[in-house]
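Peer 1: Just to be clear, the model below is a prediction. Sequence and coordinates:
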Amino acid sequence: MNQDNSNSGGEFEREPVPDAALLGSGKFWGMYAGEHAAGTEFMIGPLFLAAGASLQDLVLGLLLGNFLAVLTWRFLVTPIAMAKRMTLYYQLERIAGGNLVKFYNLVNGLLFCFLAGAMVTVSASAVGVPFGIAFDVPESMFGLSNPSFTGLVAIVGVVIAVVAAGGYERVARVANIAAPWMIAVFAACGIVSLAQMEATSLAAFSEGKFWMDAVSFVQDKNGPQSFGFWQIVVFAWLCNGAMHFGMADLSIFRFARSKASGWAPAIGMFLGHYMAWIAAALLLAALIKLTPELALGSDGKVAANPGLLAFQSLGWTGILCVVIAGWTTANPTIYRAGLAFQGVLPSSSRTAMTLVAGAVATIAGAFPNLSAQLLDFVGTYGTILGPMGAVIFVDFYLMKKFGLRDEYAVHSGTKVNIAVMVSWLLPVAIGLYLIFQQGLFAAYAVVPCWVACGVLYLVLSKFTQNHATNEGTTA
């Protein structure tokens, strides 16, 4: 980021977006369609089946969870974005202080890179199918696949990073062009899979015998698991918790001309996180029914290979869709990671930091087990980054009502707002302990950590601001 009030080539990184730069709703609908009907869907959809979710729970749970996600974007993020018209990073800097935000940016950028790395893995899995390069998932979390697949990941990662380094306009153009076609292919995946399983009637779909048979096969090979209705609801709602509860999409909606743009995530949620997840899960069910041996990895367990699943259903069209879907997700994610890293090193160029982010994402993509843990990763991601959104919410709506100074860091000159630091790190530390030591489903921690952070920030600000005022009076 530049340290002046220039608009940085139209990005307006350190000033409110002017009226002349505001965008109509269509821009947002296209962006959300491209980003959320994308590569993660080919991984997450099959994971629901592999985790033992019932078809009824999946259909109804995703419906409710995605509806809650849309409401959160519309009524939590959009009003603040349009009132302030600043990036998430600049708003946090004014509230939390520059040094604390640098640490937040580093954490944010690394998590973005791990998410993008999963998409590099997805694209590489598709590229490898016609070349006979196997997608082996090792047992170890940080174990490498075979050398050929690792090399393929490196090539795919370099290409994606170079495109992302070209800037957001290029990234958005690729997503907007690809989105309608990808959505059609996702739908075709589901339809073809149902036809392959001879489940073309409403009665056959409702009975779901094909689904129950596939779940039984997975449980037999991988061991018993369960993924219930409320887990599905909470996951669908909070898998993008960093974007809405965490307010990352303030940076997107600050360009919105009207509040109607806040409904744009609906196209991504219901065509991507609803239709595409179910369609991708049906791909695995069809593979298990038709050629169960292809669903097994080298360890004899069921492994979701996105490229192979799509190829068995739609041939080369499926391969191309997986490649492009992984591409359109990884590109904006690496771009965002580059912006976060640039916030840590303000004198660096955005292009250089985007390439660094691409390198980190490519390294993460070389470990296939990371992508296989997406159901847990996105919940952990929201638990870490989501609570910072509570700081922005409280600062915007409540600080003045309680007689406190909003945007305290910019008015006091502090580089680290202690109230923000403690309010963020304490709930997150407890949440991560419950996730990794007590086995809590990761997405369950997002909202409690968010609420705890907001309450702590308000209480601690009352103490720290009064203390600072008293010290100033004494001096």
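Peer 2: Now that the structure is in, tell me what you want to look at. Residues are numbered from 1 along each chain as shown.
Peer 1: Can you give me the neighbour number for residue 177?
Peer 2: For residue 177, the neighbour count with other Cβ atoms under 10 Å is 14. Where you see a C-beta, it was placed from the backbone N, CA and C, and this is true even at glycine.
Peer 1: Same check on the one 3 residues further on?
Peer 2: Counted with other Cβ under 10 Å, the burial measure for residue 180 works out to 14 neighbours.
Peer 1: That one in helix, strand or coil?
Peer 2: helix (DSSP: H, G, I helix; E, B strand; the rest coil).
Peer 1: what sits against it?
Peer 2: Neighbouring residues of residue 180 by Cβ atoms under 8 Å, 6 or more residues apart in numbering: residue 33.
Peer 1: Could you report the separation of it from residue 199?
Peer 2: Distance, residue 180 to residue 199, using Cβ to Cβ, to the nearest Å: 27 Å.
Peer 1: ok, now how distant is residue 70 from residue 322?
Peer 2: Residue 70 sits 26 Å away from residue 322, going by Cβ to Cβ.
Peer 1: if we look at the helix or strand where residue 432 lies, which residues are touching it?
Peer 2: Using DSSP states H and E, residue 432 sits in helix 418-438. Helix 418-438 is touched from outside by 95-97, 100, 104, 376, 379-380, 383-384, 387-388, 390-391, 408, 440-442, 445, 448-449, 452-454, 456-457, 460-461, 463-465, with contacts defined as Cβ under 8 Å, 6+ apart.
Peer 1: Now intersect those with the strands, please.
Peer 2: Using DSSP state E, no member of those sits in strands.
Peer 1: Type out the ChimeraX command that picks the buried ones from the residues you listed.
Peer 2: Isolation of the buried members of the contacts of helix 418-438 (16 or more other Cβ atoms under 10 Å) is achieved in ChimeraX through the command below:
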select :95,96,97,100,104,376,379,380,383,384,387,388,390,391,408,440,441,442,445,448,449,452,453,454,456,457,460,461,464,465
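Peer 1: Which residue lies nearest the spatial centre of this structure?
Peer 2: Central residue of the chain (Cα atoms, centre = their mean): residue 240, 5.0 Å from the mean position.
Peer 1: returning to what we had before: between residue 70 and residue 322, who's got more neighbours?
Peer 2: The residue with more neighbours, out of residue 70 and residue 322, is residue 322; 33 against 21, by other Cβ under 10 Å.
Peer 1: Just to check, that one is in contact with residue 123?
Peer 2: Yes. Residue 322 sits in contact with residue 123 when judged by Cβ atoms under 8 Å, with a separation of 6.8 Å.
Peer 1: Return every residue with contacts to both of these two.
Peer 2: Both residue 322 and residue 123 are in contact with residue 39, where contact means Cβ under 8 Å, 6+ apart.
Peer 1: Could you list the low-confidence segments of the protein?
Peer 2: For the chain, the stretches with pLDDT under 70 are 1-11, 139-141, 167-176, 467-475.
Peer 1: pull the longest helix from it.
Peer 2: Determined from DSSP state H, the single longest helix within the chain is helix 98-128.
Peer 1: tilt between it and helix 418-438?
Peer 2: 40 degrees (axes from the mean of the first three to the mean of the last three Cα atoms, to 10 degrees).
Peer 1: Show me which parts of helix 98-128 are buried, residue by residue.
Peer 2: Across helix 98-128, burial judged by 16+ other Cβ under 10 Å covers 98, 100-102, 104-105, 108-128.
Peer 1: Run the chain-centre distance for it.
Peer 2: Distance of helix 98-128 from its chain centroid, counting by Cα atoms, centre = their mean, to the nearest Å, is 10 Å.
Peer 1: ok, then the element right after that helix?
Peer 2: Following helix 98-128 in sequence, per DSSP H and E, is helix 147-165.
Peer 1: tilt between that following helix and helix 98-128?
Peer 2: Note on geometry: by the same axes, to 10 degrees, helix 147-165 and helix 98-128 are set 130 degrees apart in direction.
Peer 1: returning to that earlier point: gap between the residue nearest to the centre of the chain and residue 80?
Peer 2: Distance of residue 240 to residue 80, computed by Cβ to Cβ: 17 Å.
Peer 1: again, but for residue 158
Peer 2: For residue 158, the distance to residue 80 - Cβ to Cβ - is 37 Å.
Peer 1: Between those two, which is the more surrounded one?
Peer 2: Neighbour totals were compared for residue 158 and residue 80, and residue 80 leads with 21 against 15 (other Cβ under 10 Å).
Peer 1: Quick check, that one in contact with residue 249.
Peer 2: No. Counting by Cβ under 8 Å, residue 80 sits too far from residue 249 to count as a contact (10.4 Å).
Peer 1: Using CSV, write out every CA atom in stretch 68-78.
Peer 2: Only the C-alpha atoms of stretch 68-78 are listed here, as CSV (Å, rounded to 0.1, in the frame of the first residue of the first chain):
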residue,chain,number,x,y,z
LEU,A,68,-28.1,-17.4,6.3
ALA,A,69,-24.8,-16.6,4.6
VAL,A,70,-26.5,-14.4,2.0
LEU,A,71,-28.3,-12.5,4.8
THR,A,72,-25.0,-12.0,6.7
TRP,A,73,-23.4,-10.4,3.6
ARG,A,74,-26.4,-8.2,2.9
PHE,A,75,-27.1,-6.9,6.4
LEU,A,76,-23.8,-7.2,8.2
VAL,A,77,-21.2,-6.3,5.5
THR,A,78,-22.9,-4.1,2.9
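Peer 1: buried sites along that stretch?
Peer 2: Residues of stretch 68-78 classed as buried by neighbour count (16+ other Cβ under 10 Å): 69-74, 76-78.
Peer 1: to the chain's geometric centre, what's the distance from it?
Peer 2: On Cα atoms, centre = their mean, the centre of stretch 68-78 falls 15 Å from the chain's centre.
Peer 1: The nearest residue to residue 87 once chain neighbours are set aside: neighbouring residues, count only.
Peer 2: Spatially, and ignoring its direct neighbours in sequence, residue 87 is nearest to residue 251 (4.3 Å; Cβ to Cβ, 6 or more residues apart in numbering). If you count neighbours by other Cβ under 10 Å, residue 251 ends up with 21.
Peer 1: so how many other residues sit close to residue 437?
Peer 2: 8.
Peer 1: ok now do residue 444, which residues does it touch?
Peer 2: Residue 444 neighbours (Cβ under 8 Å, 6+ apart): 234, 379.
Peer 1: separation between it and residue 379?
Peer 2: Using Cβ to Cβ, one gets 7 Å for the distance from residue 444 to residue 379.
Peer 1: Next: residue 29.
Peer 2: Counting by Cβ to Cβ, the gap between residue 29 and residue 379 amounts to 27 Å.
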